[in-house]
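# Sequence and predicted structure below; questions after.
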Amino acid sequence: MMKQRFLLFILMFAALGAAVDAQVARDSSLLLPKEKLKVWQNAKFGMFIHWGLYSIQGRGEWAMFNERQDIDEYAKLKDQFTAEKFNADEWVKIAAEAGCKYMVLTAKHHDGFALFDSKAGGFNSMMSPAKKDFIKEYTLACQKMGMLTGIYYSPLDWRYPGFFFPTMYRRNAEEMKQQTYTQVRELMSNYGNIDILWYDGGEDSWLGHGGLETGKNGWQKRPADKPYTGAFTWDPVKLNRMVRSLQSSIVINPRSGWMGDFDTHEVRIREKDIRKDLPWEYCTMIAGVWGWQTRGTVMPLDSCIRTLAGVVCRGGNMLLNVGPNAKGEIEPAQVARLREIGAWLKVNGESVYGTEEGPFEYSRSWGGSTKTDKNVYLHITRMPEGGLLVLPPALTKKIRSVVALASGKKVKFKQTKEEIRFEGLDKISYVSDLVLKIGF
Ligand code: GLC
């Protein structure tokens, strides 16, 4: 009975997915200096790749856990991991064609299977028929093609009972922690320059540590105000100090238990959670799934572009996930959509890359704005009635010119103390987001 409740809770929590910010180490001496962080911030658009043994089963990267698969049976999947279509250059090329300036690949997800040659964990791609260090090929391809190189790594490993019960299985939890330190060291040492380290599931409060408590109703979620106080800790500051000593310019996300260089939003952006004091990234999926599944349907182009525009207008980055199949191919329908995004960015990229949140506040009713040192860009993602957009007088300088970026068409405007009007917008042709460039 108790076990059932525990499992039920786990399922509920797995569905919720996201982290509860209970016990985050806030050591700001570890933060990357702002100028270095700018490189990543300016990149704006990245490609996330979830790929591993779960891609063989096709039921998502959580299948092992959600279905409580026998870990030894699951481990046998490695014998089917031939990855015969894997081609790192091809992945990076697709990302570049999509207009992505950075990539993040799952070096190890929660199932514990590492896509690289590792001395720890006893479970990696060198032991599969593919006999490849995929991280090596991937990082080389990124570095060769000038793509910022990101690595996803999950300290959380479902093979370790110590993850769920760190106090009771302390030795086991310490072994898992040792695995994390060894593997993170390997990833930071053996593959040249790494630009981004994207942890997932190393927070003290997430899923396991500090997330479970037995009360009168059996196992349940530990209240946020009652964090885990047992002896186990990831020592996230120590971990990331090691990372910084090996990669001095690396950008680190917040899911290791240390606060991180930026904030993350997953799948949904809650306006009230956008922090003005921190750079942020929104991650989502192009086909509704992280790891490859048959049920994935590709997001319409309009949504892709409007979502990206909405993110950059609020000062964020967007990391868009694809889940290649077990052979290593990104689905053709996803590739086609990515190329369409790339085509849009080719024309409108100057209003995205290297920009900051603009002076006109984002609103779902019409769109938002970005800015560079020289220009302000309006992203009109919903056409206003009669093609007339009236905005508040948020500019201090006098406008000299307004042109539609894609067509080069001049736009009629009127700037007064009370408002700024843009007229005839419905006569201009554009795809998904009408971008206007304002010059001074
Ligand atoms: C969620 C999912 C996890 C995925 C991650 C990406 O936490 O549970 O599987 O890797 O999102 O951000």
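Yep, that arrived.

# What is the three-state secondary structure of the residue nearest to residue 305 when sequence neighbours are not counted?
Nearest residue to residue 305 in three dimensions, chain neighbours excluded: residue 432, at 3.9 Å (C-beta to C-beta, 6 or more residues apart in numbering). No exception for glycine: its C-beta is placed from N, CA and C like everyone else's. The local conformation at residue 432, judged by DSSP: H, G, I helix; E, B strand; the rest coil, is coil.

# Burial check on residue 432, number of neighbours?
20 (other C-beta atoms under 10 Å).

# do you know how far residue 142 is from the ligand?
Separation of residue 142 from the ligand (C-beta to the nearest ligand atom, to the nearest Å) stands at 19 Å.

# closest point of the stretch 101-250 of the chain to the ligand, which residue?
Relative to the ligand, the nearest point of the stretch 101-250 of the chain is residue 200 (5.1 Å; C-beta to the nearest ligand atom).

# just checking, that residue touches residue 154?
Yes - the pair residue 200 and residue 154 passes the contact test of C-beta atoms under 8 Å, sitting 4.9 Å apart.

# Common neighbours of the two, please.
109-110 (C-beta atoms under 8 Å, 6 or more residues apart in numbering).

# OK, contacts around the residue positioned nearest the centre of the chain?
When C-alpha atoms, centre = their mean is applied to the chain, the residue found nearest the centroid is residue 283 (3.8 Å). By C-beta under 8 Å, 6+ apart, the residues touching residue 283 are 48, 264-267, 318-321.

# Check residue 409 too.
403, 428.

# so what pLDDT did it get?
pLDDT for residue 409: 96.

# And for residue 93?
At residue 93, pLDDT is 98.

# again, but for residue 269
According to the prediction, residue 269 has pLDDT 88.

# What does residue 264 show for phi and psi?
phi -120, psi 150 (degrees, to the nearest 10).

# mind listing what it touches?
Contacts of residue 264 (C-beta under 8 Å, 6+ apart): 253-255, 280-283.

# got the contact list for the residue nearest to residue 305?
Per C-beta under 8 Å, 6+ apart, neighbours of residue 432: 301-302, 304-306, 344, 381.

# And the strands in the stretch 101-250 of the chain?
102-108, 148-153, 196-199, 212-215, 218-221 (DSSP state E, counting those that start in this stretch).

# What is the neighbour count of residue 386?
10.

# Can you check my assumption that it lies in a helix?
Yes - assessed with three-state DSSP, residue 386 lies in a helix.

# how close does residue 261 sit to the ligand?
Taken as C-beta to the nearest ligand atom, the span from residue 261 to the ligand is 16 Å.

# Begin at 345 from now on, thanks
I'll keep to 345 as the first residue from here, and by that count the last item is residue 605.

# which SS class is that residue?
coil.

# gap between residue 478 and residue 620?
38 Å (C-beta to C-beta, to the nearest Å).

# So which of these two has more stuff around it?
Comparing residue 478 with residue 620 by other C-beta under 10 Å, the one with more neighbours is residue 478, at 26 against 8.

# quick one, strands of the stretch 595-744 of the chain?
Ranges of strands in the stretch 595-744 of the chain, per DSSP E, counting those that start in this stretch, are 595-596, 607-610, 624-629, 661-666, 700-701, 711-715, 720-724, 733-735.

# Dump these to JSON lines, plus mean pLDDT and distance to the ligand.
Formatted as JSON lines, the strands of the stretch 595-744 of the chain follow (pLDDT from 0 to 100; distance: least, C-beta to the nearest ligand atom, whole Å):
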{"stretch": "strand 595-596", "mean pLDDT": "98", "distance to the ligand": "15"}
{"stretch": "strand 607-610", "mean pLDDT": "93", "distance to the ligand": "5"}
{"stretch": "strand 624-629", "mean pLDDT": "97", "distance to the ligand": "5"}
{"stretch": "strand 661-666", "mean pLDDT": "98", "distance to the ligand": "7"}
{"stretch": "strand 700-701", "mean pLDDT": "97", "distance to the ligand": "23"}
{"stretch": "strand 711-715", "mean pLDDT": "98", "distance to the ligand": "24"}
{"stretch": "strand 720-724", "mean pLDDT": "98", "distance to the ligand": "25"}
{"stretch": "strand 733-735", "mean pLDDT": "98", "distance to the ligand": "35"}
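
# any chance of the ones you listed in a markdown table, plus distance to residue 423?
Supplementary listing: the strands of the stretch 595-744 of the chain in a markdown table, determined by distance: least, C-beta to C-beta, whole Å:
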| stretch | distance to residue 423 |
| --- | --- |
| strand 595-596 | 35 |
| strand 607-610 | 33 |
| strand 624-629 | 28 |
| strand 661-666 | 25 |
| strand 700-701 | 50 |
| strand 711-715 | 49 |
| strand 720-724 | 49 |
| strand 733-735 | 59 |
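
# tell me the mean pLDDT for stretch 525-535?
98.

# Report the buried residues of it.
For stretch 525-535, the neighbour count (16 or more other C-beta atoms under 10 Å) marks 525, 527-532, 535 as buried.

# again, but for stretch 674-685
Residues of stretch 674-685 classed as buried by neighbour count (16+ other C-beta under 10 Å): 674-675, 678-679, 681-682, 684-685.
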